[in-house]
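In: sharing a model that was predicted from the sequence below.
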Amino acid sequence: MKQFGLPKCCVLRKNGEFKRVYQAGRRLYGEGFAIIYLANNLPQSRLGISVQRKVGNAVRRNRIKRLVREVFRLHRAEFPQQADIIITVRPGITINTTADMYAAMGSVLLLSEKR
RNA sequence: AGGGGUGAGCGCGUGAUCGCUCCAGCCGAAUAUGCUGGAGAGGAAAGUCCGAACACCGCAGGACACAGUGGUUCGUAACGCGAACUUUGGGCAACCAAAGGAAAGUGCCACAGAAAACAUACCGCCGAUGGGGUGCACGCACCCACAGGCAAGGUUGAAAAGGCGAGGUAAGAGCUCACCGCUCUCAUGGUGACAUGAGAGGCAGGGUAAACCCCACUGGGUGCAAGACCAAAUAGGGAAGCGCCACCGGGCUGUCCGUCCGAGCUUCCGGGUAGGUUGCAUGAGGUGUCGGGUGACCGGCAUCCCAGUCAAAUGAUCAUGGUUCGUCUCUGACGAAAACAGAAUUCGGCUUAUAACUCACCCCUUUUU
RNA sequence: UGGGGCGUCGUCAAGCGGUAAGACACAAGGUUUUGAUCCUUGCAUUCGGGGGUUCGAAUCCCUCCGCCCCAG
């Protein structure tokens, strides 16, 4: 497998999988977003992104998804391992670049590790 | 130079690294993995306001109802779209906007005003003719405003029964005439909307149909989550066989025997959910050129293949070059900005959003030659 | 993808061609020793925005904006 790849097998796609994580997952809250994760029995962790319609128009929502995916792709080691991870984005988010997104997520993940 | 009008165009470029989707080739059992190469958002992809293609369902024929459209003639697969033209209105102009019928019927027109629709008569004008009164020169004058006549003028309102001038009259009135307007008829031109000319009528008659309505034309319904194919688990259905030795339930009169059915077991079949495949990227296609047409558009030839996702691919970082703006120490340096917006079955339109920039033609004003 | 509904004062709302009702809230005054209650008065200037029809539009038509709901 490539070091920074993110093929389709690493993306959450089924409604059932999403429901499972929402019901049983652990939650970490950040500025305008939340990270929910739950251990799976697969060799790799999988990512799902959920952006509410109220966040903005289609261009804005797509951009946020791409930023989140880019951060996950380049810094996978800092996220929980062998887990299904869902990142939900709520209205009011102001992040617009990958650097800001990485900073915001990194701080949330570090806090959780210290606990 | 300034101010407008109309119609078009463009929608940052290049490279490197890390990724995503699809296609082709190689390796391979493989649609896995890997490698190489190629392609990968728009002018509106948007809103979903119209029209089609395509698919399934429905359907003898006709009429009614309902909905939409509405100057004419073309264009188009079709349209509520486009083109050219017509009339009316706006603008000094370039140019822009609007469009069936109110003489088939019904409804509505607040307030104000006499009256809002079979016109009427509040103020008003007249009072010739008839009536009353007074005077006398006895058939005339004056007075009254009673009968009656009139619709010119006034008032209201968004809107009040042609306009203006002259004649006419007691006062007036298309009552008469000229010009203008209107209606009808005829002729000519035009495919047509309509235009022009001639003649006649003397004036018909308020507005509103984005009120009901009438007339003409058009429309079967549902939508790619349409539809087609494959098809797990669980539950249930059908058929065949076994099985009633034994156990459980029921029928054949109460019981027993017997027998039949169910249950049970085995095999097969069909429907069909999750899920998957397909529909799904060659098309009323693009580009160039030649020809026809005032134009929308049409035809011939050549050439090209150009996204295909489904919790949603088309991205991120860096470098560099343009464009615009600002500042400064101004042949340059530094800093900033770049809109609206993301394909979802596919096309043709319409509507709306849009930074900066570019082009063509036309009009008006001012100045110079 | 298709369909339906709503938008009127700070809030809840009526009105559906002819002056934008009403309630609560708010403000001022009165009553009261002071409050509450009660009484009187006031408070819509883009009826979501923009065009059009009409003498006249919250109402009719067109077009945008926002919100909510339904089907699969």
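Out: Received it, and whenever you're ready, just let me know what you need.

In: how far away is the residue lying closest to residue A:97 once chain neighbours are set aside from residue A:87?
Out: Spatially, and ignoring its direct neighbours in sequence, residue A:97 is nearest to residue A:67 (7.5 Å; C-beta to C-beta, 6 or more residues apart in numbering). Where C-beta positions appear, they are placed from N, C-alpha and C, glycine not excepted. Using C-beta to C-beta, to the nearest Å, one obtains 10 Å as the distance from residue A:67 to residue A:87.

In: got it, and residue A:27?
Out: 11 Å.

In: between the two, tell me which one has more neighbours.
Out: residue A:87 (24 against 12; other C-beta atoms under 10 Å).

In: quick one: contacts for the more buried one?
Out: Applying C-beta atoms under 8 Å, 6 or more residues apart in numbering, one finds that residue A:87 lies in contact with A:33-36, A:47-50, A:68, A:72.

In: can you dump the C-alpha atoms of stretch A:85-97 in PDB for me?
Out: Extracted in PDB, the C-alpha atoms of stretch A:85-97 (Å, rounded to 0.1, in the frame of the first residue of the first chain):
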ATOM      1  CA  ILE A  85     -13.600   7.500  11.900                       C
ATOM      2  CA  ILE A  86     -16.400  10.000  11.100                       C
ATOM      3  CA  ILE A  87     -15.800  13.700  11.000                       C
ATOM      4  CA  THR A  88     -19.000  15.800  11.100                       C
ATOM      5  CA  VAL A  89     -18.900  19.400  10.200                       C
ATOM      6  CA  ARG A  90     -21.400  21.900  11.600                       C
ATOM      7  CA  PRO A  91     -22.300  25.400  10.400                       C
ATOM      8  CA  GLY A  92     -20.100  28.200  11.700                       C
ATOM      9  CA  ILE A  93     -16.800  26.600  10.600                       C
ATOM     10  CA  THR A  94     -14.400  29.200   9.400                       C
ATOM     11  CA  ILE A  95     -11.400  27.000   8.400                       C
ATOM     12  CA  ASN A  96     -10.300  27.600   4.800                       C
ATOM     13  CA  THR A  97      -6.800  26.000   4.400                       C
END
